[in-house]
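Novice: Here is my input, please return the structure:
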Amino acid sequence: MDTFYPTISTDYLIEKISNCPQVIQGSHKKIGKTNMFVLDGPQAISKRIILIRDVEEGQVYYDQATSVAAKLRFLGDLIKWLEDNRNWKEGAFIVPKEETQEVK
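Specialist: Sure, this is the predicted structure:
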């Protein structure tokens, strides 16, 4: 996994998804590294399933997390979480100073 590519805590994402009114309470299932949720609604079940797969223990890639957050309308909370927990701001991946190299 690329160490500079942002990831999201799986626990945080599961908590946010579980608290969404669109998600059927009690529908969360975990099979191996995959978490599944079912959304309420009349659409086919294949369109109402949300799958989240850990890329490493307890971490989900940012792009998958933003897709879910946009669908369930908590994208602002996700960006705030990234700013607070990953030293990342919208528009750029921030590398801590001690890991950057000066160009001379």
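Novice: host element of residue 46?
Specialist: Assessed by DSSP states H and E, residue 46 sits inside helix 45-48.
Novice: quick one: that helix to chain centroid distance?
Specialist: Distance of helix 45-48 from the chain centroid (Cα atoms, centre = their mean, to the nearest Å) equals 19 Å.
Novice: same deal with stretch 40-51?
Specialist: Here stretch 40-51 is found 19 Å from its chain centre; the criterion is Cα atoms, centre = their mean.
Novice: again with stretch 44-56
Specialist: Using Cα atoms, centre = their mean, the offset of stretch 44-56 from its chain centre is 12 Å.
Novice: what sits up against it?
Specialist: For stretch 44-56, the external contacting residues (Cβ atoms under 8 Å, 6 or more residues apart in numbering) are 1, 7, 10, 13-14, 17, 23, 33-41, 60-61, 64-65, 68, 71-72. C-beta coordinates here come from the backbone N, C-alpha and C atoms, glycine included.
Novice: rerun that using 7 Å as the cut-off
Specialist: Here stretch 44-56 makes contact (Cβ atoms under 7 Å, 6 or more residues apart in numbering) with 1, 7, 10, 13, 17, 33-39, 41, 60-61, 64, 68.
Novice: just stretch 11-18 next, same as before
Specialist: With contact meaning Cβ under 7 Å, 6+ apart, stretch 11-18 is reached by 23, 28, 35, 37, 50, 52, 58, 60, 65, 68, 72, 74, 77, 81.
Novice: Spatially central, which residue of this protein would that be?
Specialist: Among the residues of the chain, residue 65 comes closest to the average C-alpha position under Cα atoms, centre = their mean, at 2.6 Å.
Novice: Spit out the contact partners of that one.
Specialist: In this structure, residue 65 makes contact with 8, 13, 78, judged by Cβ under 7 Å, 6+ apart.
Novice: so where is this structure shaky, pLDDT-wise?
Specialist: Low-confidence segments of the chain (pLDDT under 70): 1-4, 87-104.
Novice: try 90
Specialist: 1-7, 55-57, 61-63, 79-104 (pLDDT under 90).
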